[in-house]
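J.: could you look at this predicted model? Sequence included:
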Amino acid sequence: MTNNYLQWLAATDTIWWHDSADPRAADAAIQNGAVGMTTNPFLIASTLTDPRAGWTEAFSAEWGGPKEALGAKASRDEGSGAYARDIGALSGDEKALELEMRVGARHAATFRQFWGIKRGAGGVCVQVNPAKPGDAALMTEQVRKIGPLAPNICVKTPATHAGLVAFEEGVALGFNMVSTLSFTVAQCVAAAEAYERGAARARSNGITPGFSAAVMMLGRLDDYLRDVAADGEYGIPERAITHAGIACMKKAYGIFQERGYRTMLMSAAARGIYHITELAGANIIMSIAPSIERTLLTANPEQAQRADRPIDALVIDQLLELREFQKAYDERGMDEGDFITYGPTNRTATQFTEKGWNILLNC
């Protein structure tokens with residue numbers, strides 16, 4: 001079904017990626033201008049455990065395995081960065097990662113048509129183990145496995161100190177990298193700086209640096225600050241809370257534009273269409289979930305570029321009453337070593353682990 005707003009958005013400087021691992025929803029999104037896909041362990045576990053998504057048939061047809069999707073065998077060329085193993089023989093983290101890679105590989109083939117058309121188009125994300133956000137060595141090992149899977153695969157690592165070490169290493173190796181579990185201006189800037197260091201290392205070794213993006217999970221920041229405000233009885237109005245993520249994104253966007261960072265910003269975890277409409281027109285990637293796509297279709301909001309509109313000063317003043325918002329909004333609000341302790345980082349890593357990675361372990 002034609003989504004007028006999303007088709008208009010795709011014609012601006014804003015690029016939008018489909019936030020789902022479900023091939024049925026992806027096909028519809030492409031018709032409305034989606035040129036990439038963001039996945040995570042939760043989304044991949046959700047689609048693999050949904051019999052309507054067709055993964056049993058896909059695994060059997062594409063990899064020549066038996067009817068049971070999770071026992072299928074891969075049989076692709078070594079040079080493609082692929083693999084040839086029986087999933088049924090795997091266990092633990094190796095199995096979970098293999099499942100993520102196979103789903104990612106299929107979607108990468110779908111979105112490859114957009115790769116190289118313009119900066120930010122054609123990527124498909126595959127995430128490292130979310131249960132180990134402090135283990136740089138493990139994440140780097142997984143980056144090395146995921147990175148060569150396809151030219152348009154983007155490896156997601158968390159915006160923790162250890163995750164940024166793995167991120168920089170991936171950039172130095174020439175892989176496409178995305179910094180996720182990120183909610184603050186400081187985390188986005190740290191990712192952009194890590195890319196610059198990694199890209200310099202890559203070039204010094206004759207490697208062309210890949211694409212990179214820094215995620216800002218807008219709605220998850222809002223969710224956290226709403227709880228903080230309620231717990232402390234601050235009396236901050238809901239209108240201010242729902243602008244917290246947007247305010248941090250606009251702040252980061254201004255910094256990125258001023259400094260000319262080559263890393264793109266990516267907004268994610270929208271909770272309402274305001275997370276889309278208030279950033280429309282910015283040269284960023286928007287990760288948009290099917291539920292938000294449907295709401296935009298129904299609401300059909302005004303097709304106006306609002307990215308340059310400043311946030312109401314009163315709203316910022318209200319939010320600044322919260323120390324946790326100060327951490328998110330101030331470029332120096334947190335040191336890199338503090339990223340792993342930030343509330344939304346812990347919340348999101350736990351959800352991705354319990355409702356995603358752990359399910360993949362037991363598929």
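T.: Done, it's in.

J.: residue 92 versus residue 361, what's the distance?
T.: Using Cβ to Cβ, to the nearest Å, one obtains 6 Å as the distance from residue 361 to residue 92. Where C-beta positions appear, they are placed from N, C-alpha and C, glycine not excepted.

J.: settle it for me: which of those two has more neighbours?
T.: residue 361 (18 against 8; other Cβ atoms under 10 Å).

J.: check contacts around the closest residue to that one other than its chain neighbours.
T.: Of all residues not flanking residue 361 in the chain, residue 96 sits nearest, at 5.2 Å (Cβ to Cβ, 6 or more residues apart in numbering). Taking Cβ atoms under 8 Å, 6 or more residues apart in numbering, we find residue 96 in contact with 41, 129, 357, 360-361.

J.: and these, which of them are in helices?
T.: In helices, judged by DSSP state H, the following of the contacts of residue 96 are found: 41, 360-361.

J.: any chance of those residues in TSV, plus pLDDT and distance to residue 249?
T.: Below are the ones in helices among the contacts of residue 96 laid out as TSV (pLDDT from 0 to 100; distance: Cβ to Cβ, whole Å):
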residue	pLDDT	distance to residue 249
41	97	24
360	95	30
361	93	34
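
J.: and which of these is nearest to residue 344?
T.: residue 41 (16.9 Å; Cβ to Cβ).

J.: parallel or antiparallel, list what pairs with the helix or strand where residue 178 lies.
T.: Assigned by DSSP states H and E, residue 178 falls within strand 176-180. Using DSSP bridges, the strands paired with strand 176-180 are strand 153-158 (parallel), strand 212-217 (parallel).

J.: among those strands, which is nearest residue 249?
T.: Closest to residue 249 of the strands paired with strand 176-180, according to Cβ to Cβ: strand 212-217, at 4.9 Å.

J.: nearest to residue 119, out of the strands paired with strand 176-180?
T.: Evaluated over those, closeness to residue 119 peaks at strand 212-217, with 10.0 Å, by Cβ to Cβ.

J.: in stretch 351-362, what's buried?
T.: For stretch 351-362, the neighbour count (16 or more other Cβ atoms under 10 Å) marks 352-353, 356-357, 359-361 as buried.

J.: how near is residue 205 to residue 170?
T.: From residue 205 across to residue 170, the span is 14 Å (Cβ to Cβ).

J.: more neighbours, the two?
T.: Using other Cβ under 10 Å as the criterion, residue 205 and residue 170 rank with residue 170 on top: 30 against 10.

J.: count of neighbours near residue 145?
T.: With other Cβ under 10 Å as criterion, residue 145 counts 17.

J.: same thing with residue 33?
T.: 19.

J.: not counting its neighbours along the chain, what's nearest it?
T.: Once flanking residues are discounted, residue 33 sits nearest to residue 10: 2.8 Å by Cβ to Cβ, 6+ apart.

J.: just want the angle from the host helix or strand of the residue nearest to residue 361 to strand 153-158.
T.: Residue 96 belongs to helix 92-111 when assigned by DSSP H and E. Using axes from the mean of the first three to the mean of the last three Cα atoms, to 10 degrees, the inter-axis angle of helix 92-111 relative to strand 153-158 is 130 degrees.

J.: contacting residues around residue 202?
T.: Residues near residue 202 by Cβ under 8 Å, 6+ apart: 171-174, 208-209.

J.: kindly apply the preceding question to residue 197 instead.
T.: Under the criterion of Cβ under 8 Å, 6+ apart, the contact list for residue 197 reads 168, 171.

J.: taking strand 176-180 as reference, get the angle to the host helix or strand of it.
T.: Element membership of residue 197 [criterion: DSSP H and E] is helix 185-204. Per the same axes, to 10 degrees, the angle that helix 185-204 makes with strand 176-180 is 160 degrees.

J.: pretty sure residue 248 contacts residue 330?
T.: No. Using Cβ atoms under 8 Å, residue 248 is not in contact with residue 330; the gap is 9.7 Å.

J.: low-scoring stretches of the stretch 1-150 of the chain, by residue?
T.: Scanning the stretch 1-150 of the chain for pLDDT under 70 picks out 58-86.

J.: for it, just list every one of the strands.
T.: For the stretch 1-150 of the chain, the strands defined by DSSP state E, counting those that start in this stretch cover 15-19, 37-38, 124-127.

J.: need those in CSV with mean neighbour count and distance to residue 342, can you?
T.: Below are these laid out as CSV (neighbours: other Cβ atoms under 10 Å; distance: least, Cβ to Cβ, whole Å):
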stretch, mean neighbour count, distance to residue 342
strand 15-19, 27, 22
strand 37-38, 29, 21
strand 124-127, 30, 18
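
J.: would CSV of the ones you listed with distance to residue 149 be doable?
T.: Output for the strands of the stretch 1-150 of the chain, formatted as CSV (distance: least, Cβ to Cβ, whole Å):
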stretch, distance to residue 149
strand 15-19, 17
strand 37-38, 14
strand 124-127, 7
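
J.: mind checking the ones you listed for the one nearest to residue 164?
T.: Short answer: strand 124-127, nearest of the strands of the stretch 1-150 of the chain by Cβ to Cβ, at 14.8 Å.

J.: who are the packing partners of that closest one?
T.: Packing contacts for strand 124-127, counted by 3 or more Cβ pairs under 8 Å, 6 or more residues apart in numbering; DSSP states H and E, involve strand 37-38, helix 92-111, strand 153-158, strand 176-180.
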